[in-house]
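Visitor: With the sequence up front, the predicted model follows.
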Amino acid sequence: MRLGVNVPTFGEFADVRVLAELAALAEQSGWDGFFVWDHVVWPYADEIVDPWIALTAVALGTERIRFGPLVAPLSRRRPHKVARETVTLDRLSGGRFVLGVGSGAFPKEFDDLGEADDARTRAALLDESLAVLTGLWSGENFSFTGEHHRVRDAVFRPTPLQQPRIPVWVGGQWPLSGPLGRARRWDGYVPLKAEPTPFSTAEVKDVAERVGAAERPGFDLVISGTEGDLAGYESAGATWWVHTPPPWDVSLSAVRDRVAAGPPGR
């Protein structure tokens, strides 16, 4: 099982240099991945930096670890722009980029900014965006007509270094059926819990069974939190555990100390 860290981009973390330094520290300390939250607004912090610019600094400041947004709400992004950004990051990093996606939820980032204000529409936008992304990643002539997006005779090159595509991890509230079904069509699942309690080993086993992880070689099951039975998670089918501080209690000094201490059990 691989081990990573997942950090916010607001408050004390609202500095691209800080995020790049944390990523370099994570690599030096033996972690396998470094991920950032993707928000344009945070309800309890005014200072925030763009995660995609931060990921460029992460790519340039590391050589080994996987990295990416965890997760990016594609329902408020233009998929053709995301296609260019993701391929650029993938090639810049030598093929280490992972695209975590979700439909989004915070009203401050949707309703208040004129984006889609209902969950069904955001889910449809996410599915269409993923279809457009994979079509543009192919490097072939691509057209698409959906309810929300349209592409006509587009050829996007260069293509990603990673083939057949950049890995796509789908995040969503566990145990909602929509994100589960979507994750089965892609490369990984990031179950999120509404309540601030760690996953139990039994829950992880249930997640793995429902998403069909055992039947899909290379499929990633990504469990996040600040604690938990990591050995049990691995035996239950998890392929990643990602240390994620609670959003209501995020301290840069505490996160830096945790990153510097290295992944648990190593």
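Guide: Sure, I can see it. Residues are numbered from 1 along each chain as shown.
Visitor: which residue of this structure sits farthest from its center?
Guide: residue 153 (29.1 Å; C-alpha atoms, centre = their mean).
Visitor: Check that residue and give its pLDDT.
Guide: The model reports residue 153 with a pLDDT of 98.
Visitor: Can you list phi and psi of it for me?
Guide: phi 50, psi 60 (degrees, to the nearest 10).
Visitor: again, but for residue 143
Guide: phi -130, psi 150.
Visitor: residue contacts, it?
Guide: Contact analysis of residue 143 by C-beta atoms under 8 Å, 6 or more residues apart in numbering lists 151, 152, 153, 154. All C-beta atoms are positioned from the backbone trio N, CA, C, and that covers glycine.
Visitor: Just the buried ones from those residues, in PyMOL syntax?
Guide: The buried residues among the contacts of residue 143 can be selected in PyMOL (16 or more other C-beta atoms under 10 Å) with this line:
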select buried, resi 151
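Visitor: In JSON lines, list the contacts of residue 143 along with secondary structure and distance to residue 119.
Guide: Below are those laid out as JSON lines (DSSP: H, G, I helix; E, B strand; the rest coil; distance: C-beta to C-beta, whole Å):
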{"residue": "151", "secondary structure": "strand", "distance to residue 119": "25"}
{"residue": "152", "secondary structure": "strand", "distance to residue 119": "29"}
{"residue": "153", "secondary structure": "strand", "distance to residue 119": "33"}
{"residue": "154", "secondary structure": "strand", "distance to residue 119": "29"}
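Visitor: out of the contacts of residue 143, what pair is the most spread apart?
Guide: Pairwise distances across the contacts of residue 143 peak at 8.1 Å for 151 and 153 (criterion: C-beta to C-beta).
Visitor: on that earlier part again, want to throw the contacts of residue 143 into TSV with distance to residue 56?
Guide: What follows is the contacts of residue 143, written out as TSV (distance: C-beta to C-beta, whole Å):
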residue	distance to residue 56
151	25
152	30
153	30
154	24
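Visitor: ok, of the contacts of residue 143, which one's closest to residue 142?
Guide: Nearest to residue 142, judged by C-beta to C-beta, of those is residue 154 at 5.3 Å.
Visitor: and the gap between the residue farthest from the centre of the chain and residue 55?
Guide: 30 Å (C-beta to C-beta, to the nearest Å).
Visitor: and residue 142, what are its bridge partners?
Guide: residue 154 (DSSP bridges).
Visitor: which among the contacts of residue 143 gets closest to residue 170?
Guide: Nearest to residue 170 among the contacts of residue 143, with distances taken as C-beta to C-beta, is residue 151, at 21.7 Å.
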